[in-house]
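J.: any chance you can model this:
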Amino acid sequence: MDIAIIGAGASGILAALEAARKRSHRVVLFEKNPSIGRKLLVTGSGRCNVSNDSVKPQAFTCADEGWISKLLANFRVTELRTLFAQLGIPLQKTDDGWYYPLSESAHSVVEILQENLLARRVELRVATAVTAIQKQEEGGGFVLSLDDGETVSTEHFDALVVACGGTAYPTLGSDGNFFNQLAALGHIILPSLPALGPIYVQLGGFKALQGLRFDANTCILRGGEVLGESRGNVIVTEKGFNGPGVMNLSHLVSTHPNEQLELSLNLAKPAQAAFEEGLATSMLSVRAFLLGFFPPKMVDSFLEMGELKPELRVESLTLRQWERLVRLLSNQTFEVTGCGNAMVSQISVGGVPVTEVDADTLESKLVPGLYLVGETLDAVGPCGGFNLHFAFATGAKAGWALASQ
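T.: Got it, this is the predicted structure:
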């Protein structure tokens, strides 16, 4: 069987490696960039955060949680660690359950993956663009139109894996143009929108806190309705907020354009028990008490917003002052003005709905022999290795399905 894989990112590489386990298969991996794994190189700030102990169906947003459950049923963290160990990439876990290669180097990971591709006789066709695909009705398979910058040609393949979806990081070659080819084959294509990026808001008094970072529980509200919640580190920027605590929710902003949304921050929640105990028992001034939880610049801002004197003792707080302080720290609400574009977002949502492919094989339900993986599919998880796990899972399972034929 001749198999073509378009896109040498995380999902495409895994699909190629697993499909090539069957020695009789000819596997060709096409990449329009001059080298493989360019987006993989920037993951985890260059450390390559490949998975997370909290990977579970509920963590992902897509058309069908049952589909994700089926996908992950036989590709959990355990299976990923085993697969990577076989490839020569041992993983380590941080205290918060995030998985990285022992080398803590995405460059090391890409180089090892490339050696494995060559060892399994995968043909690497870099700097080669697939400009069109045509489904063959008679005899089956696909004809690919190719352009390597010097020659234009066509080749026939029995099966095709598309792993080049998404529009995030366009400078690394992600432009989403291939979705037009999938639409021509009959697939629904949802608009490609940025995800895992900053959220822009009317900062108000928080504008003076630019550059500060803190942990918070966050949520996006629409008319009081909670569209989504998260928790994590938040960074105050010139236009709003960044960091995992808000990046995990940015797809809710891009997918609800022209709607009145609010971002709510609960800064007390991450340390709620200690905070409540301190309020009840502290002998300190309000300023000193708050310094146990927040940096001085933020504390002084809270005191000003709450019209509280720094030297006021915690034990002397009136009920009204106590309620005002708790409200300030647990319900900071900001009007959302937008979110970061594809240039500053880690991934994109949109593309083919997951319900149009088989969760066990990743084969299209509409076009036999066509497999769709990674960001080609409309699914998004939070920061912390969830989306790379999804990419590896879809790529590996497509490869398994092809290797079984």
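
J.: can we go C-alpha only for contacts and neighbour counts from here?
T.: Fine.

J.: below-threshold pLDDT in the protein: ranges please.
T.: Residue ranges of the chain with pLDDT under 70: 173.

J.: domains of it?
T.: Domains of the chain are assigned by automatic domain parsing as 2-194+346-403, 199-339.

J.: which residue ranges of the stretch 51-200 of the chain form strands?
T.: 51-52, 61-62, 91-93, 98-101, 123-126, 129-135, 142-147, 152-157, 159-162, 190-195, 199-201 (DSSP state E, counting those that start in this stretch).

J.: hmm, I was thinking of the stretch 301-405 of the chain
T.: Counting by DSSP E, counting those that start in this stretch, the stretch 301-405 of the chain has strands at residues 332-339, 347-351, 370-372, 379-380.

J.: identify the residues contacting the shortest one?
T.: Under the criterion Cα atoms under 8 Å, 6 or more residues apart in numbering, residues 60, 61, 62, 63, 195, 348, 349, 350, 353, 354, 387 lie in contact with strand 379-380.

J.: out of the residues you listed, which is nearest to residue 10?
T.: residue 387 (10.1 Å; Cα to Cα).

J.: contacts only, for the closest residue to residue 132 other than its chain neighbours.
T.: Among residues not flanking residue 132 along the chain, residue 145 sits closest, at 5.1 Å (Cα to Cα, 6 or more residues apart in numbering). Residue 145 makes contacts with 130, 131, 132, 133, 152, 153, 154, 155, as judged by Cα under 8 Å, 6+ apart.

J.: which elements pack onto the longest helix seen in the chain?
T.: Using DSSP state H to define each element, the chain has its longest helix at helix 386-403. Helix 386-403 is packed against helix 10-19, strand 51-52, helix 65-72, helix 77-87, with contacts defined by 3 or more Cα pairs under 8 Å, 6 or more residues apart in numbering; DSSP states H and E.

J.: with mean neighbour count and distance to residue 102 added, can I get those in CSV?
T.: Formatted as CSV, those follow (neighbours: other Cα atoms under 10 Å; distance: least, Cα to Cα, whole Å):
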stretch, mean neighbour count, distance to residue 102
helix 10-19, 29, 18
strand 51-52, 24, 13
helix 65-72, 18, 24
helix 77-87, 15, 11
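
J.: residue 162 is nearest to which of the ones you listed?
T.: helix 10-19 (7.6 Å).

J.: what's the spacing between the residue nearest to residue 132 and residue 161?
T.: 15 Å (Cα to Cα, to the nearest Å).

J.: swap in residue 170?
T.: In terms of Cα to Cα, residue 170 sits 21 Å off from residue 161.

J.: I'd like the strands of the stretch 51-200 of the chain as CSV, with distance to residue 36 appended.
T.: Below are the strands of the stretch 51-200 of the chain laid out as CSV (distance: least, Cα to Cα, whole Å):
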stretch, distance to residue 36
strand 51-52, 20
strand 61-62, 28
strand 91-93, 21
strand 98-101, 18
strand 123-126, 7
strand 129-135, 13
strand 142-147, 17
strand 152-157, 21
strand 159-162, 15
strand 190-195, 23
strand 199-201, 31
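
J.: out of the ones you listed, nearest to residue 220?
T.: strand 199-201 (10.3 Å).
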